[in-house]
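Student: My questions are about this predicted structure, shown below with the sequence.
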Amino acid sequence: MMLIDFLSVLSDADTDLLLAINGWRAEWADYFMYAFSGKLVWIPMYAAILYVIFRNLGWKMALGCIVTVALTITFADQVCATLIRPVACRLRPANLENPISDLVQIVNGYRGGRYGFPSCHAANTFGLAFFVFYIFRNRLLTAFIMFWALLTCYSRSYLGVHYPGDLLAGALVGFAGASLCYWLFVKLGKYRRKEFREAWVPIAVGGITIGCILVYALVKSC
């Protein structure tokens, strides 16, 4: 009984935090968060990360690293979407079947799929972020990529498609996937940690992308 009460308190707190995040509105932020939450917009940053990996590792080691990154993302995505979601069956906040959906504000009619626990967005972004941390060991790049992952998660609650608890669970799955895949990369690929040159490139490209999204949001809201 105490466990049920505790879970109920957690669920209520999760809902309250979601409504607080989703309830803060600004027209420019609607455009910004919707664009920031997209996938294609980050292709240049992903390409910059690949560039630095190939620039610093031999092509065989670089290819192994890329395969490991792909495995990290696949692990995170499939654990959330295929293993946990069908069991948890937790409706997204904005889903019309959810009793709180009338309280949730949405952007561009976007409500996401039916279930949202855990968040695949959070799992994928934090899976990549932690793998980048393990490989690069660069403070500035780590700070940037973690900021990017956190803001991506925030945008999902802002858009009303994920509870904060969905995002936390997804982030933990991403962390587990990155840790496991990096361990395999070290053991099987015989990878030895090294200093990476030009680690600033993904920061610059990602920063420019964020700046462009912000300019787009401000222009659209005028």
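Tutor: In hand now; what should we look at? Residues are numbered from 1 along each chain as shown.
Student: Give me the buried positions along the lowest-mean-pLDDT helix or strand in the chain.
Tutor: Ranked by mean pLDDT, DSSP states H and E, the weakest helix or strand in the chain is helix 2-23, scoring a mean of 85. For helix 2-23, the neighbour count (16 or more other C-beta atoms under 10 Å) marks Asp14, Thr15, Leu18, Leu19, Ile21, Asn22 as buried. To be clear about C-beta, it is placed using only N, CA and C from the backbone, and glycine gets the same treatment.
Student: among the residues you listed, which two are most distant?
Tutor: Asp14 and Asn22 (12.2 Å; C-beta to C-beta).
Student: and Leu91, what does it touch?
Tutor: Leu91 is in contact with Glu97, Asn98, Arg114, Tyr115, Gly116, counting by C-beta atoms under 8 Å, 6 or more residues apart in numbering.
Student: just checking, Thr125 touches Tyr154?
Tutor: No: counting by C-beta atoms under 8 Å, Thr125 does not reach Tyr154; the two are 11.2 Å apart.
Student: neighbour count winner among those two?
Tutor: For the pair Thr125 and Tyr154, the greater number of neighbours falls to Thr125 (27 against 17), based on other C-beta atoms under 10 Å.
Student: Give me the pLDDT for the more buried one.
Tutor: Reported pLDDT at Thr125 in the predicted model: 98.
Student: Enumerate every residue touching it.
Tutor: Counted by C-beta under 8 Å, 6+ apart, Thr125 has contacts Trp148, Ala149, Thr152, Cys153, Gly174.
Student: from the chain's centre, how far out does the strand or helix carrying it sit?
Tutor: Here Thr125, judged by DSSP states H and E, is contained in helix 120-136. A distance of 8 Å separates the centroid of the chain from that of helix 120-136, by C-alpha atoms, centre = their mean, to the nearest Å.
Student: Distance of Ser221 relative to Asn108?
Tutor: In this view, Ser221 and Asn108 are 14 Å apart by C-beta to C-beta, to the nearest Å.
Student: out of these two, which sits in the more crowded spot?
Tutor: The neighbour comparison of Ser221 against Asn108 (other C-beta under 10 Å) goes to Ser221, with 13 against 8.
Student: List the contacts of that one.
Tutor: Counted by C-beta under 8 Å, 6+ apart, Ser221 has contacts Ala26, Glu27, Trp28, Asp30, Tyr31.
Student: just curious, which of these is nearest to Gly160?
Tutor: Using C-beta to C-beta, these come closest to Gly160 at Asp30, 11.1 Å.
Student: Report the secondary structure state of that closest one.
Tutor: Following DSSP: H, G, I helix; E, B strand; the rest coil, we place Asp30 in the helix state.
Student: Tell me if I'm right that it and Val107 touch.
Tutor: Yes: Asp30 is within contact range of Val107, at 4.8 Å (criterion: C-beta under 8 Å).
Student: circling back to that earlier point, contacts for the least confident helix or strand of the chain?
Tutor: 93, 100, 103-105, 154, 157-160, 162-165.
Student: Please state the offset of that helix from the chain centre?
Tutor: For helix 2-23, the distance to the chain centre is 21 Å (C-alpha atoms, centre = their mean).
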